[in-house]
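Student: Okay, here's the prediction I keep looking at, along with the sequence it came from:
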Amino acid sequence: MSRPKQSKAEIATMRERILDATFELLTEQGPQTLSVRAIAEQVGVSHMTLYTYFENRDAIFRALRERQRGKKCKRRAAQLREAQSGDPCAVMREVLASYGQLAEEHPRLYQFLWVHTDAHATQHHKEHRFACNLNHLAALIEIGMERGFFRRLAPDLAAAIIFSFVNGPLILYHSGHLQDRERLRAIEAEALATALTYLKKKEC
């Protein structure tokens, strides 16, 4: 007997469950666990069922990237609005600190994004991810300069510099070059302060 036809809402709900399960595996166990069978087990269905909703594993990854990109776009738009009407220094501090928070709360995801090679992402995707982060920082810098909080800088260059300030120690730690966690935290705090000092015109 054939399975009853699902509604669009039911299909969308199952696709979201699959993406949620994929994200959980990625954050908890790392990208090496991301097989169709592992994802299906996480969802609680047979691996053949997944092919009803996604063509293959790469299609799941593409959909997950798009979903996460959409969430980031909404969050970044809100941060830009806050910087325009509130305190750009506070917003910049929040954004720069978020890299360390991600590394602390979801180390495998941070490693997947910024340390280890993502075998499922093309070079274009990797460059796009990096560019999106720098573009957001540059946009915040421009707002801060326009409102008199940040000194006059080349936004693109300044964005790359402060990204390097805060992520350099994290990348060293998560690639095994820096192993003392307490030292990492001390360097993180100093790097964040240095990045804000580099930008600021007024006290941040």
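Tutor: Looks like it came in fine.

Student: who touches the lowest-mean-pLDDT helix or strand in the chain?
Tutor: Every helix and strand in the chain was compared by mean pLDDT, DSSP states H and E; the lowest is helix 107-114, with a mean of 86. The contact list for helix 107-114 (CB atoms under 8 Å, 6 or more residues apart in numbering) reads 26-31, 99, 102-103, 118, 129, 167, 170-171, 174. (Each C-beta comes from the backbone N, C-alpha and C, glycine too.)

Student: now do 6 Å
Tutor: Residues outside helix 107-114 that contact it (CB atoms under 6 Å, 6 or more residues apart in numbering) are 27, 30-31, 102-103, 174.

Student: Kindly report the same for stretch 78-87.
Tutor: Contacts of stretch 78-87 from elsewhere in the structure, counted by CB under 6 Å, 6+ apart, are 91, 140, 143.

Student: and the gap between the spatially most central residue of the chain and S175?
Tutor: A centroid search over the chain (CA atoms, centre = their mean) returns L113, at 7.0 Å, as the residue closest to the centre. Separation of L113 from S175 (CB to CB, to the nearest Å): 13 Å.

Student: Equivalent analysis for V45, please.
Tutor: Going from V45 to S175 by CB to CB gives 36 Å.

Student: thinking again about what came up before, how about a markdown table for the contacts of helix 107-114, with secondary structure added?
Tutor: Shown next, in a markdown table, are these (DSSP: H, G, I helix; E, B strand; the rest coil):
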| residue | secondary structure |
| --- | --- |
| T27 | helix |
| G30 | coil |
| P31 | helix |
| L102 | helix |
| A103 | helix |
| H174 | helix |
